[in-house]
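Chemist: No sequence on hand, only this structure:
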């Protein structure tokens, strides 16, 4: 009987603490543990690199999101209400980068690129700019080549092969 009262007391206490902290604090803590928190990107926004593009806010957000996906970027957080996209630099480099959008006027949007890494901010701003302007980015091409070499070494099989790693594993 005393044991069940203690359990209820502990559960009640934890519920109160959770209620006082709010769901956002709990959610952010879980995201931090899972490695998908965007708090560092939001805090680092004051040091973000900025560029303005001739798109309205929604078009700019959607165009960049689709462009990043087409280029194989790993988007780990999207916040359409706050107009934020959080990505890793590449499949092999999990440096976090946040892209924030601010409406300048009906036809222009300011894009802010935030990251703890100066190199990642600069690299991603070039990528963002190439997507939104349609110009090619030689750094992105070089990054893709390096990634492919790393993947090839990990699999120890030339990438020209038409078989995937899973197909090769199933055959052996």
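Modeler: Alright, I've got the coordinates. A quick note: this is a predicted structure, and the numbers were derived from the prediction, not measured.

Chemist: any idea how far residue 107 lies from residue 60?
Modeler: When distance is defined by CB to CB, to the nearest Å, residue 107 is 10 Å away from residue 60. Using the backbone N, CA and C atoms, a C-beta is placed for each residue, glycine as well.

Chemist: burial of residue 134, as a residue count?
Modeler: Applying other CB atoms under 10 Å, we find 8 other residues in the vicinity of residue 134.

Chemist: returning to what we had before: please say which of residue 107 and residue 60 ends up with more neighbours.
Modeler: Per other CB under 10 Å, whichever of residue 107 and residue 60 has more neighbours is residue 60, with 23 against 12.

Chemist: how close does the more buried one get to residue 134?
Modeler: For residue 60, the distance to residue 134 - CB to CB - is 13 Å.

Chemist: Residue 57 reaches residue 83, doesn't it?
Modeler: Yes. Contact criterion CB atoms under 8 Å: residue 57 and residue 83 qualify, at 6.5 Å.

Chemist: got any residues that touch both of those two?
Modeler: Taking CB atoms under 8 Å, 6 or more residues apart in numbering as the contact criterion, the common neighbours of residue 57 and residue 83 are 101-102.

Chemist: for this structure, where's the lowest mean pLDDT among helices and strands?
Modeler: Ranked by mean pLDDT, DSSP states H and E, the helix or strand of the chain with the weakest confidence is helix 23-34, at a mean of 42.

Chemist: After that one, heading C-terminal, what element do we hit next?
Modeler: Reading on from helix 23-34 to the C-terminus, the next helix or strand found by DSSP states H and E is helix 39-43.

Chemist: before we move on, could you check phi and psi at the residue lying closest to residue 117 once chain neighbours are set aside?
Modeler: For residue 117, the nearest residue in space outside its immediate sequence neighbours is residue 95; the separation is 4.9 Å by CB to CB, 6 or more residues apart in numbering. The main-chain torsion angles of residue 95 are listed as degrees, to the nearest 10 and equal phi -70, psi 130.
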